[in-house]
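[1] Starting from these lines, generate the structure:
(2 chains)
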2 protein chains.
Amino acid sequence: MGGRAAYLAVDWGTTNRRAYGVAADGTVVDSLQDDRGVLALGPDDYPAAVADLRQRLGAYEVVASGMIGSSRGWREVPYVTAPATLEHLASASPEVAPGFRIIPGVALTDSKRPDVMRGEEIQVLGAICTGAAPPTALFCQPGTHNKWIATIEGAIATFTTVMTGEIFALLRAHGVLAGMLDTRVADGAAFRRGLRRGIASQNLAATLFEVRAGVLLDRLAPADAAAYASGILIGADVATREDLASRPVHLLGDGPLAILYAVAIAEAGGTPIVVPDGFTTAGIHAIWSHRA
Amino acid sequence: MGGRAAYLAVDWGTTNRRAYGVAADGTVVDSLQDDRGVLALGPDDYPAAVADLRQRLGAYEVVASGMIGSSRGWREVPYVTAPATLEHLASASPEVAPGFRIIPGVALTDSKRPDVMRGEEIQVLGAICTGAAPPTALFCQPGTHNKWIATIEGAIATFTTVMTGEIFALLRAHGVLAGMLDTRVADGAAFRRGLRRGIASQNLAATLFEVRAGVLLDRLAPADAAAYASGILIGADVATREDLASRPVHLLGDGPLAILYAVAIAEAGGTPIVVPDGFTTAGIHAIWSHRA
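    So this is what the prediction gives:
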């Protein structure tokens, strides 16, 4: 147990939860990660799951972000409407149980295009409030659902969720391309060829079929198919950003997927700036401090 | 049994087979349809499957088109390269067993974009050779994989396979939209709203997420979500055709999906001309006559 912790910050997501014992000055003094995400828990499982956290990290107040505040989580916490700052989020974080607060997500409702996020906002605003990214910037947060997030003066101003990773996973597991996409995806000639094809593509659902046709016609080596398909999808994703040439992209995360997006952003004429993982606790700490 | 049949024409596809007893003048005198498609059969199952056909429809010569000639079928029959006429297909249809011929598919290999088809070419060329469609035309053949096929003077000149139906099926069965897309899809206000959104979309993988965000933010009724999502996908598909304004689209098929595409083509500024199902036997008959 982290004896110096003042509270617990939890990033409680769909498949995983990451919990941190945080000192009053924001220092992370303890942490755990497990697979007790929202999908693994029913509504009645949360009191025990929270008791387990406190037993492992200390009997502290908890501030949580992520899907735990969704309709599939413990308690649905209404979205804050963009533009949204840390202050907006802090003042809209209800105590859903004694000593347990949930930070809301952010919704885009004032445009013709609806969009939602839960959890990403904390990492972005955490990076800004620690100075790791400027207050007015474009962010890219790759994942099952890639998020493009534009901030203005420390507020989440607008954002776009792109189902790039999910579509790749669906094609890999099911359907006519299944069995062709099992090889490892990494940066290389095949990925970059896919990127160029995806950037030029006007019809993603047509360009994806070229993976199958290419293999059948011996134009694409089976070992290259997964990287090529990933390149098509990520290339089509980055190509739709019309603002890549005008400002750098702050790329959140430094895992393999973030590396692929860094390559893709550069290929599409943009400039990626990698912001490493780890700012979720900074964002939660700002909210804890604001309410403390 | 159809006593006047001269041979059997079989459309042997991925999940179904349709077999017809055809008279020497091309009249269909008998038929059956069952689920013994390519996916239901191993390579060793075909002799018995063919014997069963002959027992039910008569012990005639067979001319088959479709996935039976693919690597997953009975015998892999090499593609004919576009531009491909009925004559090209007839002269490249091997007898893979006594009295059993398989018509090849068509491959696009001379462009930067590879593509393949097996079976669709017969329906298109059958419609042309009977006068149901002109020799130089644009065709749309909706299905799990929608095909756009351009013919020039009776030859398959170029084509594009679009995974529109498959992506809808994957999203409906798996992933974050699963459970939202179970309602029936039909033409109506929600489908047309989705169409307009899909036609305007620059990023299909982003626009699809608006289905989820729209439901979560009470902008889209759950009962409308499937029709709206289908509209997005079909709208994005037809919107990529730059030739819709310059010539009509001959829409093959008259089922529910073809009706949705007819609405979509009109919404995107095109003119659909519905060509009903049933020209596969005409195409196979032309090949049988050519070789007889």
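[2] Look up phi and psi at the residue in the stretch 1-150 of chain A positioned nearest to chain B.
    Scanning the stretch 1-150 of chain A for the residue nearest chain B gives A:Pro114, at 4.1 Å (criterion: CB to the nearest CB). Every residue, glycine included, has its C-beta placed from N, CA and C. Backbone torsions for A:Pro114, taken as degrees, to the nearest 10, come to phi -80, psi 150.
[3] before we move on, what about the one 10 residues further on?
    Dihedral angles of A:Val124 (phi, psi; degrees, to the nearest 10) stand at phi -60, psi -50.
[4] Can you name the residues of the stretch 151-292 of chain A that neighbour chain B?
    Taking CB under 8 Å from any CB of the partner chain as the criterion, the stretch 151-292 of chain A approaches chain B at residues A:160-164, A:166-167, A:169-171, A:173-176, A:202-206, A:208-210, A:212-214, A:216-217, A:219-220, A:233, A:236-237, A:240.
[5] try 6 Å this time
    The stretch 151-292 of chain A has residues A:160-164, A:166-167, A:170, A:174-175, A:202-206, A:208-210, A:213-214, A:216-217, A:219, A:240 near chain B, with proximity defined as CB under 6 Å from any CB of the partner chain.
[6] show me where the stretch 51-200 of chain A has strands.
    A:61-65, A:80-81, A:95-97, A:100-102, A:106-108, A:115-117, A:137-141, A:146-152, A:155-162 (DSSP state E, counting those that start in this stretch).
[7] could you redo these as a markdown table and give each row mean neighbour count and mean pLDDT?
    Formatted as a markdown table, these follow (neighbours: other CB atoms under 10 Å in any protein chain shown; pLDDT from 0 to 100):
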| stretch | mean neighbour count | mean pLDDT |
| --- | --- | --- |
| strand A:61-65 | 25 | 97 |
| strand A:80-81 | 18 | 97 |
| strand A:95-97 | 15 | 95 |
| strand A:100-102 | 24 | 97 |
| strand A:106-108 | 24 | 97 |
| strand A:115-117 | 23 | 97 |
| strand A:137-141 | 23 | 97 |
| strand A:146-152 | 22 | 97 |
| strand A:155-162 | 22 | 97 |
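[8] Flag the shaky bits of chain A, pLDDT-wise.
    By pLDDT under 70, the low-scoring segments of chain A are A:1-3, A:291-292.
[9] if we go to 50?
    Applying pLDDT under 50 to chain A picks out residues A:1-2.
[10] so where do the helices sit in chain A?
    Taking DSSP state H, the helices of chain A run over residues A:46-57, A:86-91, A:120-129, A:164-173, A:189-200, A:204-207, A:209-216, A:225-239, A:256-267, A:280-291.
[11] The third one versus strand A:137-141: what angle between them?
    If you take axes from the mean of the first three to the mean of the last three CA atoms, to 10 degrees, helix A:120-129 sits at 130 degrees to strand A:137-141.
[12] so what secondary structure elements neighbour helix A:120-129?
    Packing partners of helix A:120-129 (3 or more CB pairs under 6 Å, 6 or more residues apart in numbering or on different chains; DSSP states H and E): helix A:280-291.
[13] quick one: contacts of the helix it packs on?
    A:7, A:9, A:11, A:20, A:22, A:26, A:28, A:63, A:86, A:90, A:103, A:122-123, A:125-126, A:129-130 (CB atoms under 6 Å, 6 or more residues apart in numbering or on different chains).
[14] Please state the offset of it from the chain centre?
    In terms of CA atoms, centre = their mean, to the nearest Å, the centre of helix A:280-291 is found 18 Å from the chain centre.
[15] Number of residues surrounding A:Glu153?
    A:Glu153: 11 surrounding residues under other CB atoms under 10 Å in any protein chain shown.
[16] So it sits against A:Pro135, correct?
    Yes: in this structure, A:Glu153 is within contact of A:Pro135 by CB atoms under 6 Å, at 5.1 Å.
[17] circling back to that earlier point, filter the residues of the stretch 151-292 of chain A next to chain B down to the buried ones, ChimeraX style.
    In ChimeraX syntax, the buried subset of these is picked out as below (16 or more other CB atoms under 10 Å in any protein chain shown):
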select /A:160,161,162,163,164,166,167,170,175,203,204,205,206,208,209,210,213,214,216,217,240
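[18] Pretty sure A:Glu61 sits against A:Ala97.
    No: applying CB under 6 Å, one finds A:Glu61 not in contact with A:Ala97, separated by 10.9 Å.
[19] List the residues that contact A:Ala64.
    A:Val10, A:Trp12, A:Ile102.
[20] for it, which residues make a bridge with it?
    Here A:Ala64 sits in beta bridges with A:Val10, A:Ile102, going by DSSP bridges.
[21] Just the endpoints, please. Distance across stretch A:21-36?
    This stretch, stretch A:21-36, spans 17 Å end to end (CA to CA, to the nearest Å).
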